[in-house]
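Peer 1: Sequence and predicted structure, then a few things I'm wondering about:
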Amino acid sequence: MSTSHNNHRHCYLLRGQPNNVLPAFLRLCDNFSSVLICAQDPTPYQALHKSNSKTPTKTLAFKQVKNELGQTHDGVLVDLTQGISASALAILAGTVVGQGVLVIVLPDADWLALDDDDMARHLPWPLRPSDVSSYFKHYFLNKLIHEASPFNPLALENIKPIAPIIQADALIKLNASTNSNTGNTYQDEVQTKQSRTYCGSWSR
């Protein structure tokens, strides 16, 4: 059986507050060289990460995410506690490199009962986020926790570092070597990968 590596992204769902979620995320990223943290208000993470991280860590607010177009990161944490920006989430997901990790953070409390502060920029005066219900939050949460979702819930106490990312050249050589030992060619493996549409984790 082939043991070749792949470019799947690890997708996890964490629940909690910044003071316990951040150490868990950084533990996941122990072997990474670049991580990004994004939230509606990243201030709590900015105050915490300096004393917790040995990995270069960048923090952003959702309104700054457009600057990340074309950038890449080994690990990305997106805290949706204070609201969800669909455009920001799409951009951030696109920055995660193969074999990297995308973590979504929700609070321990009932997320749907909390105001969605990101809605404030879309509402006409005098409406406020507390005056309306976010139907997109309901839709998103249903998809996030569905059994077919690529996001796996992860207990904060069970965090282990993800393996170091293997660069493209090394990955090709490793796959070629592995397949030569199993009687498969690298071209066979490529064709097999191209035929897969879902492998239990997000890939592209």
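Peer 2: Done, it's in.

Peer 1: what's the domain layout of this structure?
Peer 2: Listed by automatic domain parsing, the domain ranges of the chain are 10-164, 166-204.

Peer 1: which stretch in these has the least confidence?
Peer 2: The minimum mean pLDDT among the domains of the chain belongs to domain 166-204 (a mean of 47).

Peer 1: what's the offset of the strand of greatest length in the chain from the middle of its chain?
Peer 2: Using DSSP state E to define each element, the chain has its longest strand at strand 96-106. Centre-to-centre, strand 96-106 and its host chain are 2 Å apart (C-alpha atoms, centre = their mean, to the nearest Å).

Peer 1: downstream neighbour of that strand in the secondary structure list?
Peer 2: helix 135-145 (DSSP states H and E).

Peer 1: buried stuff in that next one?
Peer 2: 137, 140, 144 (16 or more other C-beta atoms under 10 Å). In short, each C-beta sits where N, CA and C put it, glycine included.

Peer 1: Closest one to Gly100 out of those, please.
Peer 2: Distance ranking of these against Gly100, using C-beta to C-beta, places Leu144 first at 18.9 Å.

Peer 1: measure the nearest residue to the closest one once chain neighbours are set aside to Ala47 for me?
Peer 2: In this structure, Leu144 finds its nearest non-sequential neighbour in Phe151, 5.7 Å apart by C-beta to C-beta, 6 or more residues apart in numbering. Phe151 sits 27 Å away from Ala47, going by C-beta to C-beta, to the nearest Å.

Peer 1: Mind checking which of those two has more residues around it?
Peer 2: Taking other C-beta atoms under 10 Å, Phe151 and Ala47 do not tie; Phe151 has more neighbours (19 against 13).

Peer 1: what residues are up against the more buried one?
Peer 2: Going by C-beta atoms under 8 Å, 6 or more residues apart in numbering, Phe151 touches 11-13, 104, 144.

Peer 1: And the helices in this protein?
Peer 2: 18-28, 43-49, 86-93, 135-145, 168-182, 186-195 (DSSP state H).

Peer 1: if we look at the fourth one, which residues are touching it?
Peer 2: Around helix 135-145, the neighbours that count as contacts under C-beta under 8 Å, 6+ apart are 13, 84, 86, 104, 111-112, 116, 149, 151, 153.
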